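> Below are the sequence and a predicted model; questions follow.
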Amino acid sequence: SINSERLALLEQRVAALWESIQKGELKAKEQHEEAVGLVQDLHKQINTQTDRDSLSLWVTQLFEPKFTALKEEMERVAVSRVE
């Protein structure tokens with residue numbers, strides 16, 4: 001009958017809609033997981049860069065006076081050789 005055909009068609013549409021919703025949820029979950037992974041990678045990159053910057057600053061502060069003193073000594077030696 002027409003009602004049973006309509007009911008069967010409605011059931012098919014509901015099933016297709018449900019499948020579409022499930023696929024959408026799966027895709028959203030995958031995209032969320034990817035975004036979380038990218039954010040975690042970004043945090044690691046920032047922390048690594050910050051550590052590098054801190055280490056670079058520390059090394060510069062540690063060695064700069066020694067390099068300056070060495071440069072001055074070399075300049076004194078060069079000047080004394082010229083005289």
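On my side now, so go ahead.

> going forward, measure contacts and count neighbours with C-alpha atoms only.
Will do.

> List the contacts of the spatially most central residue of the chain.
A centroid search over the chain (CA atoms, centre = their mean) returns Leu42, at 1.8 Å, as the residue closest to the centre. Counting by CA atoms under 8 Å, 6 or more residues apart in numbering, Leu42 touches no other residue.

> Is it within a helix or a strand, and which one?
Counting by DSSP states H and E, the secondary-structure element that holds Leu42 is helix 2-82.

> Could you point out which residue ranges in the chain have low pLDDT?
Filtered on pLDDT under 70, the chain yields no residues whatsoever.

> What is the neighbour count of Lys27?
12 (other CA atoms under 10 Å).

> no no, Glu64
The number of residues packed near Glu64 is 12, by other CA under 10 Å.

> Same question for Phe67.
Residues near Phe67, counting by other CA under 10 Å: 12.

> Now do it against Trp58, distance only.
Between Phe67 and Trp58 the distance is 14 Å, computed by CA to CA, to the nearest Å.

> Kindly report the same for Val36.
Summarising the geometry, the distance separating Val36 from Trp58, computed by CA to CA, is 33 Å.

> now swap in Glu33 and tell me
Counting by CA to CA, the gap between Glu33 and Trp58 amounts to 37 Å.

> cool, and Ala69?
If you go by CA to CA, the gap between Ala69 and Trp58 works out to 18 Å.

> One more: Lys71?
20 Å.

> Val39 too?
Between Val39 and Trp58 the distance, using CA to CA, works out to 28 Å.

> and if you look at Leu9?
Taking CA to CA, one finds Leu9 at 73 Å from Trp58.

> One more: His43?
Taken as CA to CA, the span from His43 to Trp58 is 22 Å.

> go on, Glu75?
Distance, Glu75 to Trp58, by CA to CA: 26 Å.

> swap in Arg52?
Distance check for Arg52 against Trp58: by CA to CA, it reads 10 Å.
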